[in-house]
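[1] Got a sequence here, can you build the structure:
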Amino acid sequence: MIQTSKIKAIDSVLKEFSPASHIVIDVRSESEFAEDHIPRSINLPVLNDLERAEVGTEYKQNPFTARQLGAKLIAGNLKKNLERVEKLILEFENGKTEKHKPFCHFIIYCWRGGMRSRSLFTVMDLIGYKTSLIDGGYQAYRRFVNHYFHEGNLPDAISIYGPSGSGKSQLISNLIDARFPAVHLEKYANHKGSLLGGDSYLQPSQKLFESHLYQALQKNNSSYMIVEGESKKIGRLLLPEKFYSKMISGKKIWVELPLELRALRLAKEYDKSDEFILDKLEYLKKFLNGKIYSSITEAIAAKDRYAAALLLLKHHYDIHYLKGSPYRGSEREYSKIFKADSFEKLNEEVLDYFRSL
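    Below you'll find the model as predicted:
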């Protein structure tokens, strides 16, 4: 019987977690971990993907023999998992653990707090490690994050809008470096938001994206958040409804660089292969004049990314950005408008604005 004091509710785990004193271990399989996990957790599967599938297949035939098989496989993996724990402790405590009991606190979870997490917990607890289990496992964490984005007290938003190539993503990075409560949506989504902004197949799962957002908001711990003005969808990922509503209803600022400078920035930024860009441009064919489309593809074939970017901005991106949505294109919608002839000047003006808040 596990002591009640060693079973932790997910809200207390997230509130009390400190990288200076805790190591969170996710014992689920590698694919489960890749789909989503508690921030900062380390994956030590007690059953890998193949073993888990084998147990699952057996369970359909005979639950008892499936549990037998699972126990054998878990026991076989125990040695390497304990060796990994020892390495984690050495890394955590700078090699000073050989002659004394580790001070770090291990927090273990699996899918719902069942056999997988309890197996590693029981052995580590018997050895004498300071160890806790998350009540309800990953499922409890996922319910917690869902509740936060549906019912939680999300901070108000200040959104940065502006035409493509104005450096909005770089501004967000610089604000984070300057310790303002900025949230890098494109970084967490692994996508720049535009047609040429990335490969949707390389994006994280929707759940992991939301975990990144949750972690960022908790880390900032501020009454407001600074975000890039995005559409509700970034690649194939969706912003949580309440999060997006905060963006729409909150303050907005506009940033803009000259067209030619924006084309130069985009030409450098979109460093994908010609084949990748041409494949993506097929989608734009129906939105562009035939001559313009031909000029763009010819410029790419001639390795003239600047000319291609200039044409795309003038004949597609700027037109698309300034119409359609009700909160775009009207200066009255913005608390502050910044237009500069260099990114350095734009960056300093935006930083000064947030310093003055």
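[2] Mind jotting down where the helices sit in the stretch 51-200 of the chain?
    For the stretch 51-200 of the chain, the helices defined by DSSP state H, counting those that start in this stretch cover 63-92, 115-127, 137-151, 168-177, 185-189.
[3] Can you add mean pLDDT and mean neighbour count and give those helices back as a markdown table?
    Where you see a C-beta, it was placed from the backbone N, CA and C, and this is true even at glycine. As requested, these are arranged in a markdown table below (pLDDT from 0 to 100; neighbours: other CB atoms under 10 Å):
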| stretch | mean pLDDT | mean neighbour count |
| --- | --- | --- |
| helix 63-92 | 93 | 15 |
| helix 115-127 | 95 | 19 |
| helix 137-151 | 97 | 17 |
| helix 168-177 | 97 | 18 |
| helix 185-189 | 94 | 21 |
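[4] residues contacting Leu133?
    Ile2, Lys6, Ile7, Lys8, Ile107, Ile108, Tyr109, Gly113, Ser117, Arg118, Phe121 (CB atoms under 8 Å, 6 or more residues apart in numbering).
[5] PyMOL command to pick out the buried ones of those residues?
    Paste this into PyMOL to select the buried members of those, with burial taken from 16 or more other CB atoms under 10 Å:
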select buried, resi 8+107+108+109+113+117+118+121
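[6] From the contacts of Leu133, pick the one nearest Asn289.
    Tyr109 (55.8 Å; CB to CB).
[7] That closest one and His37: what is the separation?
    9 Å (CB to CB, to the nearest Å).
[8] Return, as residue ranges, the portions of this protein with sub-threshold pLDDT.
    Counting by pLDDT under 70, the chain contains low-confidence ranges at 95-101, 193-200, 322-332.
[9] Domain parsing of it, as residue ranges.
    The record's domain split for the chain, according to automatic domain parsing, is 4-144, 153-355.
[10] Glu30 touches Leu47, doesn't it?
    No. The pair formed by Glu30 and Leu47 falls short of the contact definition of CB atoms under 8 Å, at 10.1 Å.
[11] Throw the helices of the stretch 51-200 of the chain into JSON lines and include distance to Asn289, thanks.
    Converted to JSON lines, the helices of the stretch 51-200 of the chain look like this (distance: least, CB to CB, whole Å):
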{"stretch": "helix 63-92", "distance to Asn289": "59"}
{"stretch": "helix 115-127", "distance to Asn289": "59"}
{"stretch": "helix 137-151", "distance to Asn289": "42"}
{"stretch": "helix 168-177", "distance to Asn289": "27"}
{"stretch": "helix 185-189", "distance to Asn289": "29"}
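[12] of all those, which lies closest to Tyr224?
    Tyr224 lies closest, by CB to CB, to one member of the helices of the stretch 51-200 of the chain: helix 168-177, at 11.9 Å.
[13] List the contacts of the residue nearest to Tyr138 when sequence neighbours are not counted.
    Computed as CB to CB, 6 or more residues apart in numbering, the closest residue to Tyr138 that is not its neighbour in sequence is Trp111, at 5.5 Å. Trp111 makes contact with Arg28, Glu32, Gly137, Tyr138, Gln139 under the criterion CB under 8 Å, 6+ apart.
[14] go with 6 Å
    For Trp111, the contact set (CB atoms under 6 Å, 6 or more residues apart in numbering) comprises Arg28, Gly137, Tyr138.
[15] hang on, the earlier thing: the more surrounded of Glu30 and Leu47?
    Leu47 (25 against 13; other CB atoms under 10 Å).
[16] before we move on, the earlier item: for Pro181, state which of the contacts of Leu133 is nearest.
    Of the contacts of Leu133, the one sitting nearest to Pro181 (CB to CB) turns out to be Ile107, at 26.7 Å.
[17] residues in contact with the closest residue to Ser223 other than its chain neighbours?
    Distances taken as CB to CB, 6+ apart place Pro155 nearest to Ser223, at 5.7 Å, with adjacent residues excluded. Shown in contact with Pro155 (CB under 6 Å, 6+ apart): Ser222, Ser223, Tyr224, Met225.
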